[in-house]
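Quick one, what's the 3D model for this:
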Amino acid sequence: LFTIVLWSVILISLSLVMGFVAVEHRNQTCEKILVEIDYSEGCFFVEPEDVKVMIRNDGIELLGKPISAIDFQMLESLIATNPHIENVQVYSLISGDLKIKISQRTPLLRVMPLSMGGFYLDENGGQMKLSGKYTARVTLANGYIEHDMMNDLFLLATFVNNNKFWRSQVQQIYEDSAQHIL
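Okay, the predicted model is just below:
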């Protein structure tokens, strides 16, 4: 009987404490915005200040706002509109800080065709805009490149990038007017 009463008291006390913490956390205001960007792939397309400016430019004021009034999914969607961001997570810390974790897309190949503007192909084959802030040190593809050649260029760049020997030998891929890759 003593054990049952003891466990009951412990569970009730734990429930009360957890409820109190949840209420306090909901009433807590956003004190600071912490932006953490993964630079492990050596890409510097996005900086923490860029993310804060993006939020401010959309008319969203977070500092001093209750944590419960912040729409985390809307913030994630807004930040994910940046073409250089692959993944974003927004959450609050117990201290009242808002944490934004970002991973960037990794470029594999810089494409500079004669017929259109330049762009990157990322490691998944998707197109990325060029950045005015940062230029990735990746293989360059240029010449008479047509849109229907992107898959072949992506496969070639993936092979070159995944092979240590070829990665050290190939710096540029050129496609001539007869669609021969040199």
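
just the strands in the chain please.
32-38, 85-92, 97-104, 107-113, 119-122, 127-128, 139-143, 172-175 (DSSP state E).

pull the CA atoms of the fifth one into PDB?
In PDB, the C-alpha atoms belonging to strand 119-122 read as follows (Å, rounded to 0.1, in the frame of the first residue of the first chain):
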ATOM      1  CA  PHE A 119      23.400  28.600 -62.400                       C
ATOM      2  CA  TYR A 120      24.600  25.700 -60.200                       C
ATOM      3  CA  LEU A 121      23.400  22.100 -60.300                       C
ATOM      4  CA  ASP A 122      23.200  20.800 -56.700                       C
END
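
Now do the same for residue 24: its pLDDT.
The model reports residue 24 with a pLDDT of 69.

before we move on, what about the one 10 residues further on?
According to the per-residue confidence, residue 34 scores 96 in pLDDT.

From residue 90, how far out is it?
11 Å (CB to CB, to the nearest Å). From N, CA and C alone the C-beta is placed, and that goes for glycine too.

what sits in contact with each of the two?
98-100 (CB atoms under 8 Å, 6 or more residues apart in numbering).

Just send those residues back as CSV, with distance to residue 132 and pLDDT too.
Shown next, in CSV, are the shared contacts of residue 34 and residue 90 (distance: CB to CB, whole Å; pLDDT from 0 to 100):
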residue, distance to residue 132, pLDDT
98, 27, 94
99, 27, 96
100, 22, 97
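
Just the buried ones out of those, please.
Neighbour counting by 16 or more other CB atoms under 10 Å classes 98, 100 among these as buried.

Nearest to residue 40, out of the shared contacts of residue 34 and residue 90: which one, please.
residue 100 (17.0 Å; CB to CB).

What residues does that closest one make contact with?
Counted by CB under 8 Å, 6+ apart, residue 100 has contacts 33-36, 51, 75, 79, 88-90.

so it bridges to which residues?
residue 35, residue 90 (DSSP bridges).

what about the helices in the protein?
2-27, 48-57, 72-79, 150-162, 164-169 (DSSP state H).
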